[in-house]
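[1] Everything below, folded, please.
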Amino acid sequence: MDFEVARANMVESQIRTWEVLDQRVLDLVLEVKRESFVPPAYRELAFADMEIPLGQGEVMLAPKLEARLIQELGLNPTDRVLEIGTGSGYMTALLARLAAHVISVEIVPDFSRAASVRLAEQGIRNVALEVGDGALGWARSGPYDAILVTGSLPILPDEFPAQLAPGGRLIAVVGRSPIMTAQLVTCLAPGKTTTVGLFETSIPALQHAREPERFVF
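    Residues are numbered from 1 along each chain as shown. Alright, predicted model coming up:
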């Protein structure tokens with residue numbers, strides 16, 4: 001398989017057509033070796049328009065969704081970024097190439113260890129990998145200029161926007177299957193945010209995601 005041809009085809013046929021037009025993001029997807037982050041059994045599917053299973057209920061998101069989320073986050077070279085759900089480490093690598101520092105939290109220790117090896121092999125060192133439950137964010141290292149949640153949430157807990165610095169952005173996929181909405185939350189000032197719905201999608205839920213309270217009559 002010619003990975004370079006497959007990578008270029010992925011960008012032209014999947015990512016560009018999904019409204020990803022930021023040249024920084026397109027160049028990044030062409031540079032970072034996605035196949036190096038895919039489990040060996042799925043390596044030839046690295047550029048397919050599909051989610052790739054990682055085990056334990058986690059997946060690599062479809063390439064077009066990964067690129068779109070990165071674009072909508074609007075990263076700056078000075079940003080401190082929080083990623084919830086390290087997974088394979090591929091999204092971590094994309095974030096790290098655009099930002100100053102990334103803190104990535106993963107609940108499955110084996111995934112975090114494997115991602116550490118892959119990131120080191122790619123020469124990416126501005127990342128701190130943490131093992132723990134990030135269902136309510138990771139307040140101990142905040143505030144952050146950007147937060148990306150890579151699993152869906154039935155509701156967006158208030159703890160997440162509270163961890164944004166002024167001017168910070170958060171992207172999370174909120175709702176229940178089959179219809180969820182990618183939301184962009186921007187912190188205007190401490191305690192004041194705006195929320196915009198970007199597009200509809202559906203992805204696996206984040207482990208231990210908070211459920212809405214149920215009323216008892």
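[2] Excluding residues flanking it in the chain, which one is nearest the most centrally placed residue in the chain?
    Nearest to the geometric centre of the chain sits Thr150, at 4.1 Å (C-alpha atoms, centre = their mean). Of all residues not flanking Thr150 in the chain, Gly85 sits nearest, at 3.7 Å (C-beta to C-beta, 6 or more residues apart in numbering). For every residue, glycine as well, the C-beta is placed using N, CA and C.
[3] unless I'm mixing things up, that neighbour is touching Ser152, no?
    No. With contact defined as C-beta atoms under 8 Å, Gly85 and Ser152 do not form a contacting pair (10.3 Å).
[4] Please compute how far the longest strand belonging to the chain lies from its chain's middle.
    In the chain, taking DSSP state E as the definition, the longest strand is strand 164-176. Put simply, strand 164-176 sits 11 Å off its chain's centre (C-alpha atoms, centre = their mean, to the nearest Å).
[5] could I have whichever helix or strand comes after it exported to CSV, CA atoms only?
    Remark: after strand 164-176, the chain's next helix or strand is strand 179-189, criterion DSSP states H and E. Presented in CSV, the C-alpha positions along strand 179-189 are these (Å, rounded to 0.1, in the frame of the first residue of the first chain):
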residue,chain,number,x,y,z
ILE,A,179,-27.9,12.8,16.8
MET,A,180,-25.3,14.7,18.7
THR,A,181,-23.9,18.2,18.2
ALA,A,182,-20.3,19.4,18.1
GLN,A,183,-20.4,22.5,20.4
LEU,A,184,-17.9,25.3,20.6
VAL,A,185,-17.8,27.1,23.9
THR,A,186,-15.8,30.3,24.2
CYS,A,187,-14.9,31.9,27.5
LEU,A,188,-15.5,35.7,27.3
ALA,A,189,-14.5,36.4,30.9
